[in-house]
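A.B. asks: 3D model of this:
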Amino acid sequence: MSGIQDFIANEVKTNDVVLFLKGTPEFPQCGFSGQVVQILDYVGVDYKGINVLADADIRQGIKDYSNWPTIPQLYVKGEFIGGCDIVREMFQSGELQSHLQEQGISIKGAA
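C.D. replies: Sure, this is the predicted structure:
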């Protein structure tokens, strides 16, 4: 594994919830990243945002890491969950909230 793959693997494994996005959670730079940020904020989960625009190596590296061609990418407890469409569908069905709770991650409004 390259240094960038090591970096990504470390971030994914040491943070319960990690979002690789274009921009930052405060200022998303694309609509899809913005949607996932809104969902995570609504659910009320603590997560780490990593701005792929700040580093071209990370931007390409995360696509290689997950074998998924698009950004944003959401990881929970080291597991790749998906991009915007998948996260939105899981959120709307309640599956995202259940999955977070099953992984022992506290969310807003959770018992």
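A.B. asks: And the helices in this protein, which stretches?
C.D. replies: Remark: helices assigned in the chain by DSSP state H are 3-14, 31-43, 56-66, 84-93, 95-102.
A.B. asks: count of neighbours near the residue nearest to G34 when sequence neighbours are not counted?
C.D. replies: Sequence neighbours aside, P28 is the residue nearest to G34 in space, at 3.9 Å (criterion: Cβ to Cβ, 6 or more residues apart in numbering). For every residue, glycine as well, the C-beta is placed using N, CA and C. Counted with other Cβ atoms under 10 Å, residues neighbouring P28 total 21.
A.B. asks: same check, this time on K77
C.D. replies: By other Cβ under 10 Å, neighbour count at K77 equals 17.
A.B. asks: The chain should start at 51 in everything you say after this.
C.D. replies: Okay, residue one is now 51; in that scheme the one you just asked about reads as K127.
A.B. asks: For V68, see how far away it is.
C.D. replies: 10 Å (Cβ to Cβ, to the nearest Å).
A.B. asks: rewinding a little: format the helices of the chain as JSON lines; extra columns: mean neighbour count and mean pLDDT.
C.D. replies: Listed next are these as JSON lines, based on neighbours: other Cβ atoms under 10 Å; pLDDT from 0 to 100:
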{"stretch": "helix 53-64", "mean neighbour count": "15", "mean pLDDT": "97"}
{"stretch": "helix 81-93", "mean neighbour count": "18", "mean pLDDT": "97"}
{"stretch": "helix 106-116", "mean neighbour count": "17", "mean pLDDT": "96"}
{"stretch": "helix 134-143", "mean neighbour count": "16", "mean pLDDT": "98"}
{"stretch": "helix 145-152", "mean neighbour count": "17", "mean pLDDT": "97"}
